[in-house]
Every structure is written in structure tokens, then in C-alpha cells.
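Need coordinates for the below:
(chains A, B, C and D)
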Protein chains: 2
Amino acid sequence: MSISVLGYTMLGLLARGPHTGYDLVRLLRRPIGYYWTAQQSQIYPELGRLAQAGLVVFEAASGPGPREKKTYATTAEGRAALATWLPLPPGSHAPRDELMVKTFAVAAADADQMRALYLTMSREHAQRAEDFERQQAELDETGAHALDHPRFGNYATLRMGVAYERMRQEWCTWMAAQLTTPARRRQDPLDHELTVAKRRRS
Amino acid sequence: MSISVLGYTMLGLLARGPHTGYDLVRLLRRPIGYYWTAQQSQIYPELGRLAQAGLVVFEAASGPGPREKKTYATTAEGRAALATWLPLPPGSHAPRDELMVKTFAVAAADADQMRALYLTMSREHAQRAEDFERQQAELDETGAHALDHPRFGNYATLRMGVAYERMRQEWCTWMAAQLTTPARRRQDPLDHELTVAKRRRS
DNA sequence: CTAATCATGTAAGGCGTTACATGATTTT
DNA sequence: AAAATCATGTAACGCCTTACATGATTAG
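The predicted model follows:
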């Protein structure tokens, strides 16, 4: 019974201090949610597994609603398991980049419509980059850029976020520019590809 | 019964020309595999669904092994469905960036070991960037940088690959540098965080 | 008095990975 | 003679999403 990445992610959050499952639902949205997300239907069972493995313990108290409120904290075993896992090279997870899938098949769609798509995406990335930069500036004021600051992890991941969004934005504007310039295709792009293919075959 | 992203990805590949399921297994590795992957156990059932939806048809011939070899091609409906889907804004898929999860919890591990991790990752990204650049140069020679070239899609996605790997490499070296400089933490980072947390609480 | 927030769980179904199963042809 | 390639499928299991279900407290 090995721990999933989600399990370690939650362990990492609990290593910063005790939390309820409900807390973790929120914490897994921002800022870690930019890199790994989970629904609460995944979180509660996973907390159970971590507890069964002895990596976390909980204190129950009467909470709102019909059930008890459980506050979870890491155990020494939990912190050890986390410290062992962290420096291990990440397993390669299947990439899921829908925009690149669409880009790969760009010739099969209308060029003007695709150009509009890349312009929209470019704007979205620019907006998120600005958002991240604002958050980074806020963190910076608290001194989070220092290695021994408790929020240095937040700072470092945000830095990646900014770099990623900027890079992506640039690529999208480049792509939109390609779809504008010089002589716009007038014939159906798919027909065109098929003609090319036929020519090669003969 | 709506088509999955994998279904459209496969439709996009078949729009370039007829292929067997076995062909698609290979095609879904390089270069699209950098952005969307699938195992053959997913591909064969998905082909069945696409055929049932009338988006592809196949011609059967006696092949090696006990079963018939089926060569699939898109139908007019298939090409229309693809052309409709492509310009739609991509649905947001759950991000899965294990390295960033680890970075977020970096304080809970040994700094030297984490530094080694980022240096390893940096080297890996550099290598992949070089690999992509080589592939890009090869494509460039065939004129794939032009919008109406049948492999422009390959060229554009590779361009993203290069930008991504370079960006990532830079971030990893920055991270490694942070873990080296100035006064290296000597105390247990987790104990440290807990002390800080206690101080704040009181 | 209504809506949001706090709080914990279950169920159904789709997506994805690993592994199993078969067998001809071609390359080493 | 052995290994790789071509070629198509199935089964089991885990991860993840969407939706359902309950109910107290607090804010508007």
C-alpha cells in the first residue's frame, strides 16, 4: 500500500501545521492547485489512508453538522516518509496539454478561427501572469524570497508560475501572428493536405 | 456520447492520412506524446467508439497474427467534427506537476538532497531542449515553418517544447542556486517551521 | 429569512495504467 | 534460433470528476 502523490501533497500541507479535511480542500486550490488539484471526494478517503498508514493522526471534536470535526497532524513517521519522498526524482506523469493537441492539427481548422483562439489564450495567460506577479510581490514584502522563510516554497512555485505564463503568452501571440501573415490560405486546408499527400504517393 | 480529447487527438492524426491502430500507438508517442499520451489499451476501444459514431471508417485486410488488420480513415462527418472542436477554448485539465508539489514542501527535506534533485532536473531539461532544437532544425530544412506546410503543426508544437524546456531549465538552476547560497540552514527545517508557527500563535 | 460557510462523508461512472493473451513476419 | 516488429484485443484496478446527502452556525 504505497502513498500516492496526492497523499504526499497533503502530508506536505499538514507538515506546515494541523488542519481539517475541509482546510485541505481550500489549500489544494491556491496556490498548490496551480500544480496539483483534488476534489474533496478524493481528500477524505486519502486522509483515512494516511491515518491508517500511521503518517497522520487526528483529534476529533464536535463540529457543525451531524459528524465530528477531525483535526489532522503529521506523525514522526509521516514527516520521515515525506523527507524521504521529496528528493526522489518525480515520476513522469502523462502530459495533458489540449492546446498543443489542437495546434498539432491546426491545418484541419479554419485559420481565422484558430487565430482568434490563440489571441484569447494569449490574453488569459497575460492576465494570470499579472495575477501571479502581484501575489509574488506580496510574498516578497514578507521576506518569503529567503530560503529559511516558512513560505519560501510558495515563493518558488509562484516564480515558476510567472515564468510559465509569460512563456506561454509569448508563444500564443507568435502563433496568432503566424496565422495572420503573409498570404492567407484561401483553399480548404484539409483538401490541400490531401492533395499534397496524393502528390507524394504518385 | 461525446468524444474525448483522446478521440479528437486520434481524429487529428487520421485527418493526415489513413492509419492502423498500431500506427496510432506509435504516433501518439512522438511528437504528440509530449503533450498527450495514451496506451494501446485505450486506443483500440477509442477507435471502436469513433467508428460507431461514424467519424471514421476502416478497411479490413488479413494481417499478421490471428486477427484482421484494420486501416482507419476519417469520414466527412469526422473532419467536420474535428474542424468544429479545434477552435473551441480548451477545457482546463487538472495540472500534474510533481516537481512543484515537492518544491512547495521543500522546507520539509534536506537542503543538500533537494539541491541535487534540482541540478539533475536542470540537466534533463537542458538535454530535452537540445533534442527538440535538433528536431526543429530538421523540420526547418523541409520548410515546415511555413503555415501551409503539412507539418507546420509539428513545427509549432516543437517550438513550444523548446521554450518550455529552456524556461524550466532556468528555473531549476535558479532553485539549486537558492539552496546553495548564503548561510545554509543547519537546524532541522521542520523543527524550525514549527518554532516559527508557535511563535506566531502566542 | 436566506445564503454562505463550516464540516464530513458516499456512489456512479469515465479515464488511464499495467498486465495478460495470441500469433505471423522480419531482422539479428 | 532468438528477438524484435507488426497487429489486435481483454481484464483488473486505481485515480479523478460529478453528483448526492446531511446539518449547524454565521453573515447579510
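
Could you report the pLDDT at residue A:157?
Predicted confidence (pLDDT) for residue A:157: 98.

what about it, how many residues close to it?
By the criterion of other C-beta atoms under 10 Å in any protein chain shown, residue A:157 has 23 neighbours. From N, CA and C alone the C-beta is placed, and that goes for glycine too.

hang on, isn't it packed against residue B:102?
No - contact status for residue A:157 versus residue B:102: not in contact, 9.8 Å apart, counting by C-beta atoms under 8 Å.

how about low-confidence regions in chain A?
A:1, A:181-202 (pLDDT under 70).

repeat that with 50
A:185-202 (pLDDT under 50).

Buried residues in the longest helix anywhere in chain A, which are they?
When chain A is parsed with DSSP state H, its longest helix is helix A:111-141. For helix A:111-141, the neighbour count (16 or more other C-beta atoms under 10 Å in any protein chain shown) marks A:111, A:114-115, A:117-119, A:121-122, A:125-126, A:128-129, A:132-133, A:135-136, A:139 as buried.

Next to DNA strand D, which bits of chain A? Give me the list.
Within reach of DNA strand D by C-beta under 7 Å from any atom of the strand, chain A has these residues: A:4, A:5, A:6, A:37, A:38, A:39, A:40, A:41, A:42, A:64, A:65, A:66.

Give me the subset of those lying in helices.
A:5, A:6, A:40, A:41, A:42.

any chance of these in CSV, plus neighbour count and distance to DNA strand C?
Shown next, in CSV, are those (neighbours: other C-beta atoms under 10 Å in any protein chain shown; distance: C-beta to the nearest atom of the strand, whole Å):
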residue, neighbour count, distance to DNA strand C
A:5, 18, 12
A:6, 18, 13
A:40, 13, 5
A:41, 9, 3
A:42, 15, 8
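
So which of those residues reach chain B?
Within the set of these, contact with chain B (C-beta under 8 Å from any C-beta of the partner chain) is found for residue A:5.

which of the ones in helices among the residues of chain A next to DNA strand D lies closest to residue A:19?
residue A:40 (13.1 Å; C-beta to C-beta).

Skip the chain neighbours and tell me the closest residue to that closest one.
Counting by C-beta to C-beta, 6 or more residues apart in numbering or on different chains, residue A:40 lies nearest to residue A:25, which is 4.6 Å off, once chain neighbours are set aside.

what about the helices in chain A?
Going by DSSP H, chain A shows helices at A:5-14, A:21-27, A:40-52, A:76-85, A:98-104, A:111-141, A:152-180, A:189-201.

Present the ones you listed as CSV; the columns should include distance to residue B:171.
Output for these, formatted as CSV (distance: least, C-beta to C-beta, whole Å):
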stretch, distance to residue B:171
helix A:5-14, 19
helix A:21-27, 23
helix A:40-52, 28
helix A:76-85, 21
helix A:98-104, 20
helix A:111-141, 13
helix A:152-180, 5
helix A:189-201, 37
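
you'd agree residue A:179 is up against residue A:111?
Yes - Residue A:179 lies in contact with residue A:111 (C-beta under 8 Å); the separation is 5.2 Å.

hey, what's in contact with both of the two?
Taking C-beta atoms under 8 Å, 6 or more residues apart in numbering or on different chains as the criterion, residue A:179 and residue A:111 both touch residue B:147.

what residues does chain A put near DNA strand C?
So chain A meets DNA strand C at A:20-23, A:25-26, A:40-41, A:44-45, A:47, A:63-65, A:67-71, A:94, A:96 (C-beta under 7 Å from any atom of the strand).

ok, now with 6 Å
Neighbours of DNA strand C within chain A, by C-beta under 6 Å from any atom of the strand: A:20-22, A:40-41, A:44-45, A:63-65, A:67, A:69-70, A:94.

Between which two of those residues is the distance greatest?
Taking C-beta to C-beta, no two of these sit farther apart than A:64 and A:94, at 39.4 Å.

which of these two has more neighbours?
residue A:94 (11 against 6).

which residues does that one contact?
B:36, B:37, B:96.

And for residue A:115?
Residue A:115 is in contact with A:176, A:179, A:180, counting by C-beta under 8 Å, 6+ apart.

Could you export those to CSV, including columns for distance to residue B:106 and neighbour count?
CSV is the format used below for the contacts of residue A:115 (distance: C-beta to C-beta, whole Å; neighbours: other C-beta atoms under 10 Å in any protein chain shown):
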residue, distance to residue B:106, neighbour count
A:176, 37, 19
A:179, 41, 23
A:180, 43, 12
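
Kindly indicate which of these lies nearest residue B:153.
Distance to residue B:153 across these (C-beta to C-beta) is lowest for residue A:179, with 12.0 Å.

Quick check: the closest one vs DNA strand C, distance?
27 Å (C-beta to the nearest atom of the strand, to the nearest Å).

Distance of that residue relative to DNA strand D?
Taking C-beta to the nearest atom of the strand, one finds residue A:179 at 30 Å from DNA strand D.

residues contacting the residue nearest the centre of chain A?
Centroid-nearest residue in chain A, with C-alpha atoms, centre = their mean: residue A:35, separated by 2.5 Å. Residues in contact with residue A:35 (C-beta under 8 Å, 6+ apart) are A:157, B:95, B:96, B:97, B:100, B:101, B:104.

Just give me the neighbour total for residue A:26.
Neighbour tally, residue A:26, other C-beta under 10 Å: 12.

any idea how far residue A:37 is from it?
12 Å (C-beta to C-beta, to the nearest Å).

And for residue A:130?
For residue A:130, the distance to residue A:37 (C-beta to C-beta) stands at 22 Å.

Name the nearest of the residues of chain A next to DNA strand D relative to residue B:10.
When the residues of chain A next to DNA strand D are compared for distance to residue B:10 (C-beta to C-beta), residue A:37 wins out at 26.4 Å.

If anything else comes up later, I'll come back, but that's it for now.
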